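Participant: what would the 3D arrangement of this be:
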Amino acid sequence: MRYIATEEAERLHVEPGTLFLDARTLEEYEHGHIPGALHLGRANFETDFPAVESQLKTPTTLVVYPKKSDWTELTELTEFIERNLRKACNPLIR
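Facilitator: Residues are numbered from 1 along each chain as shown. From the prediction side, this is the model:
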């Protein structure tokens, strides 16, 4: 996992094989999110994970974004994804 700047996220958004994962609350996601982003909020990510798991296996680049500056949430979610998908998807998780 590595942190990226907004400019790099914007560039990655148009690249094939990139998937954005919104780690904010469902309410925040429904209020507005990056087009094409999937929702997997921290509050329920263990129970909601099966609903998005198959879609997380195909991207070559996964960009996860939390609430502004909530790096603990981001770290917990990406570690959870890595533990659960390491064998199933490309090991490059940005």
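Participant: can you map out the strands along this protein?
Facilitator: 18-22, 38-39, 61-65 (DSSP state E).
Participant: and the angle from the last one to strand 18-22?
Facilitator: Note on geometry: by axes from the mean of the first three to the mean of the last three CA atoms, to 10 degrees, strand 61-65 and strand 18-22 are set 20 degrees apart in direction.
Participant: what's in contact with strand 61-65?
Facilitator: The contact list for strand 61-65, computed with CB atoms under 8 Å, 6 or more residues apart in numbering, reads 4, 9, 12-13, 15, 17-24, 34, 37, 56, 74, 77-78, 81, 89, 92-94. Placement of C-beta: from N, CA and C, glycine included.
Participant: which residues does the residue lying closest to L74 once chain neighbours are set aside contact?
Facilitator: In space, and not counting its chain neighbours, L74 is closest to P66: 4.2 Å by CB to CB, 6 or more residues apart in numbering. Contact analysis of P66 by CB under 8 Å, 6+ apart lists 23-24, 42, 73-74, 77.
Participant: tabulate those residues (a markdown table), appending pLDDT and neighbour count.
Facilitator: Shown next, in a markdown table, are these (pLDDT from 0 to 100; neighbours: other CB atoms under 10 Å):
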| residue | pLDDT | neighbour count |
| --- | --- | --- |
| A23 | 83 | 24 |
| R24 | 84 | 23 |
| R42 | 71 | 18 |
| E73 | 69 | 19 |
| L74 | 72 | 18 |
| L77 | 74 | 21 |
